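# This is the structure alone, sequence omitted:
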């Protein structure tokens, strides 16, 4: 594994630190009036989800970890575990459902998701950036109302509540951004 300087850490980079695998979430470079500059890094443990704030000076060396990403098909959920299948080898992988947090309802049967591996160990699930959902309930469409920064609440077919433009009515398919959990466009 390559070693990088502490000031080269960027958001999204995975490093080995204190015997664990950590993903850099936020990085801010600080130059205090006294002393040397450092990078203030918010790290998230990829195995148990703990967060840690750490300071790295430019002379500090950290191991950068390369994770392998495989696209796998979601099969089903059982006892709080999500079961995915590799479409080439047909091997099945189980991951805890709480890895997705509040984005879990966007995972649909048969959907292809990206799973990150460290060696043989599955660490995380990345959903597609955008998914299509059906609006189940919302206020009726208002005639003559424009979409000038006015949004109304809507409930989707997966139970998630988001804000949609006033021209979207019940029964319509819309595209939802899974990271931001917000309306993107009509389907």
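Thanks, I have it. The shown structure was predicted, so the numbers you read here are calculated from the model rather than taken from an experiment.

# contacts and neighbour counts: CA atoms only from here.
Noted.

# Can you name the element that comes right after the helix-or-strand element of the chain with minimal mean pLDDT?
Taking mean pLDDT, DSSP states H and E as the measure, the helix or strand of the chain with the lowest value is strand 121-126, at a mean of 85. Tracing the chain past strand 121-126, the next element assigned as helix or strand by DSSP states H and E is strand 130-138.

# Which strands border the helix or strand just after that following strand, and is each parallel or antiparallel?
Downstream of strand 130-138, the next assigned helix or strand under DSSP H and E is strand 152-156. Here strand 152-156 is paired, per DSSP bridges, with strand 130-138 (antiparallel), strand 161-164 (antiparallel).

# Which residue, other than its chain neighbours, is closest to residue 5?
Computed as Cα to Cα, 6 or more residues apart in numbering, the closest residue to residue 5 that is not its neighbour in sequence is residue 61, at 4.8 Å.

# Hmm, that neighbour is touching residue 9, no?
No. Here residue 61 does not reach residue 9: they are 10.2 Å apart, not a contact under Cα atoms under 8 Å.

# Residue 101: neighbour count?
Counted with other Cα atoms under 10 Å, the burial measure for residue 101 works out to 8 neighbours.

# Would you mind measuring from it to residue 127?
Distance from residue 101 to residue 127, counting by Cα to Cα, to the nearest Å: 12 Å.

# Would you map out the domains in this structure?
With automatic domain parsing as the criterion, the domains of the chain are listed as 3-65, 68-126, 130-186.

# Please state the offset of the second one from the chain centre?
I take that to be domain 68-126. Domain 68-126 sits 13 Å away from the centroid of its parent chain (Cα atoms, centre = their mean, to the nearest Å).

# what's the first-to-last distance across it?
Between the opening and closing residues of domain 68-126 there is a gap of 13 Å (Cα to Cα).

# repeat for the shortest one
Its first and final residues considered, domain 130-186 spans 12 Å by Cα to Cα.

# List the neighbours of stretch 132-141 that are in contact with it.
Counting contacts by Cα atoms under 8 Å, 6 or more residues apart in numbering, the residues outside stretch 132-141 that touch it are 152-158, 166-176, 187.

# just stretch 58-70 next, same as before
For stretch 58-70, contacts defined as Cα under 8 Å, 6+ apart pick out 1-8, 13-17, 21, 37-39, 86, 114-119.

# next one: stretch 97-111
When contacts are taken as Cα under 8 Å, 6+ apart, the neighbours of stretch 97-111 outside the stretch itself are 73-77, 80-82, 124-125, 127, 131, 158-160, 178-179, 181.

# for stretch 81-91, same thing?
Residues external to stretch 81-91 that are found in contact with it (Cα under 8 Å, 6+ apart): 70-77, 92-97.

# With mean neighbour count and mean pLDDT as new columns, can the strands paired with strand 152-156 be given to me in CSV?
Below are those laid out as CSV (neighbours: other Cα atoms under 10 Å; pLDDT from 0 to 100):
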stretch, mean neighbour count, mean pLDDT
strand 130-138, 18, 91
strand 161-164, 18, 92
